[in-house]
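I would like the atomic coordinates for the input below:
(one chain, ligands or ions: 2)
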Amino acid sequence: MQKPQIIAICNQKGGVGKTTCALNIAAGLTILGKKVLVVDFDPQAHLTYSFNIGAHDLKKTIYSVIKGEASLQETLIEHNGLKLLPANLDLTLVETEFATAPKREYILKNILTNIADVQYVIIDCPPASGFLTINALTCCHEIYIPLQMEFLALKGMSRLLSLIGEVKKSLNKELLVPRIIANRFDSRKKLNNAIMEKVLERFGRQVFNTIVRENIAVAEAPSFAQSIFEYAPKSHGAEDYLNLCKEIIKPQ
Ligand SMILES: Nc1ncnc2c1ncn2[C@@H]1O[C@H](COP(=O)(O)OP(=O)(O)OP(=O)(O)O)[C@@H](O)[C@H]1O
Ligand SMILES: [Mg+2]
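Residues are numbered from 1 along each chain as shown. Ligands and ions are numbered 1, 2, ... in the order given. Okay, the predicted model is just below:
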């Protein structure tokens, strides 16, 4: 069986839409007939909570798998046609517990090596550029960076891009050029348009053609443990995320 395509949704800046993108891209790919695993790799566990799972009470999480206390298969949770590898706050312990472990950057890669019956793995990264993010960047084939077209959107980008460059040089030589998802776009806002122009000027074809518009239903859906496709299938959000997923699966 073919190895899955692993995609990390990453930006050390907080609140840009990483978890929202991970959830809806995973759901959209599932609708397009793909077998998808979505990995919560953020100790905040927002993705796990978005599936209406009480992360704090979970006995088996990605942390248990990393520690060798549970198998990947028995930790996965099936929800609306896709698989979730859940997290909780325990994930913060990994950094110190593995501080001196050899090959500590490959911890996530190692647990995802033998994954069966999955075509896409989507990893929701924390808003940080430390140990967990480096693990995600080391194990993925592609990185998608959600950006909001606001003042300071590009602040921190050069640091993120240089981190990605470092990882590519030393830990993951196959890493593809990162792609950018313009998120929460509102064409009525002058600033959104101006920043979008700047982003296109700087990143050109790295930016997905599909722009994800600001859409209230996108923000509401997780509180009903639903993706945008279940919660509001006729919304702009559903239309945008489906188009984004079509771009993702289109051969380049
Ligand atoms: N297209 C959108 N339209 C409206 N609201 C959105 C959209 N995308 C994201 N949001 C909202 O923006 C907020 C931040 O999104 P999200 O939690 O996905 O960001 P994040 O980058 O994962 O945050 P963190 O860095 O804390 O992990 C949430 O309230 C979410 O519902
Ligand atoms: Mg998040």
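
What are the contacting residues of the longest strand along the chain?
Longest strand in the chain by number of residues (criterion: DSSP state E): strand 142-148. With C-beta atoms under 8 Å, 6 or more residues apart in numbering as the test, strand 142-148 has contacts from 5-11, 16-18, 20-21, 25, 137, 153-154, 157, 160, 164, 175-176, 178-184, 199. For glycine as for every other residue, the C-beta is placed from the backbone atoms N, C-alpha and C.

I only care about those that end up buried; give me the ChimeraX line for that.
Buried residues within the contacts of strand 142-148, by 16 or more other C-beta atoms under 10 Å, are selected in ChimeraX with:
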select :5,6,7,8,9,10,11,16,17,18,20,21,25,137,153,154,157,160,164,175,178,179,180,181,182,183,184,199
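
Strands - which of the contacts of strand 142-148 land there?
Per DSSP E, those map to strands at Q5, I6, I7, A8, I9, R179, I180, I181, A182, N183.

Quick one: those residues as a markdown table, columns for distance to ligand 2 and pLDDT too.
Shown next, in a markdown table, are those (distance: C-beta to the ion, whole Å; pLDDT from 0 to 100):
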| residue | distance to ligand 2 | pLDDT |
| --- | --- | --- |
| Q5 | 21 | 96 |
| I6 | 18 | 97 |
| I7 | 15 | 98 |
| A8 | 12 | 98 |
| I9 | 9 | 98 |
| R179 | 18 | 97 |
| I180 | 17 | 97 |
| I181 | 14 | 97 |
| A182 | 17 | 96 |
| N183 | 12 | 96 |
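
now for those residues, which pair is the farthest apart?
Spatially, the most separated pair among the ones in strands among the contacts of strand 142-148 is I6 and A182, at 22.6 Å (C-beta to C-beta).

any idea how far the residue of the chain most remote from its centre lies from P102?
Centroid-distance maximum for the chain: K190 at 28.3 Å, with C-alpha atoms, centre = their mean. Taking C-beta to C-beta, to the nearest Å as the measure, K190 and P102 are separated by 52 Å.

P86 now?
Distance, P86 to P102, using C-beta to C-beta: 27 Å.

all strands of this structure, in order?
Using DSSP E, strands in the chain cover 5-9, 36-40, 77-79, 82-85, 120-124, 142-148, 179-183.

Out of those, which is closest to G54?
strand 77-79 (11.7 Å).
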